[in-house]
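>>> make a model of this:
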Amino acid sequence: MDTTAWLTLLAILLGPIVAVAVSLWVEGRRRRREARLMVLRQLIVTRHLASDPNYSAAINLVPVEFNDEPAVITEYKAYQEAIRQVPGEDPQAIALCDQRVSITQTKLIFAIMRSLNLKASEADLPAEAYAARGMLQRDLLYLRSLEAQIRTADALEASLSAPS
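Have a look, this model is predicted:
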C-alpha cells in the first residue's frame, strides 16, 4: 500500500471521529453559554426584587456557572459581603447599606456581561433597569401584610395567655 492509500484509509477512519468530537465540543460550549445567559437573564429580570426566588436561584448559580471566571467570582464575593451587612435601625446606615448592595449588584451583573462578551456600560445598567411601580408596591404591601399577621398572632396569643 502506498502513502496515498494509507492517508485515505486514515481519513476514512479518523474523519467521523474528529467530526463527532468537534460537534460535541461545539455543543458543550453552546450549552455552557446558554446556562450562563440564563443566570444573567434571571439576575437582570429580578434585580429589583431580591426576595424573588428566581433572583436567589440566579445568585446561587453564579459560582457554579462562572467558577472559571475570576472577575465574576471577585464581584460575586463583594456582593455576598455587601448583602451580609446588618445596618441596624439607623435610616442613614440602612440607605448606605442599600446603596452598597446596589453598587455591588451592578458590578456583578456587569462582570457577567463582560465574561459573555456582551456590550454594556456599567454606568447605564442601573439607569436602564425597569420595575413597574405597581409590582414594587404589591410586594411591599405583601410584606407588610405578613408582618401584620405576625403582630395579630402575637396579640391573640397574649390575650389568650393573659389572666381573666
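
>>> contacting residues for Ile103?
Ala82 (Cβ atoms under 8 Å, 6 or more residues apart in numbering). For glycine as for every other residue, the C-beta is placed from the backbone atoms N, C-alpha and C.

>>> do the one 5 residues further on as well
If a contact means Cβ under 8 Å, 6+ apart, then Leu108 has Leu43, Val62, Val72, Glu75, Tyr76, Ala78, Tyr79 as its contacts.

>>> and the fourth one, how many residues sit next to it?
So the one you mean is Glu75. Counted with other Cβ atoms under 10 Å, the neighbours of Glu75 add up to 23.

>>> again with the fifth one
As a burial measure, Tyr76 scores 21 neighbours (other Cβ under 10 Å).

>>> circling back: rebuild the contacts of Leu108 as a markdown table, extending it with pLDDT, secondary structure and distance to Ser102.
Shown next, in a markdown table, are the contacts of Leu108 (pLDDT from 0 to 100; DSSP: H, G, I helix; E, B strand; the rest coil; distance: Cβ to Cβ, whole Å):
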| residue | pLDDT | secondary structure | distance to Ser102 |
| --- | --- | --- | --- |
| Leu43 | 92 | helix | 13 |
| Val62 | 97 | helix | 17 |
| Val72 | 97 | helix | 18 |
| Glu75 | 97 | helix | 13 |
| Tyr76 | 97 | helix | 15 |
| Ala78 | 97 | helix | 12 |
| Tyr79 | 96 | helix | 10 |
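
>>> now Tyr55: how far from Met38?
Using Cβ to Cβ, to the nearest Å, Tyr55 is found at 13 Å from Met38.
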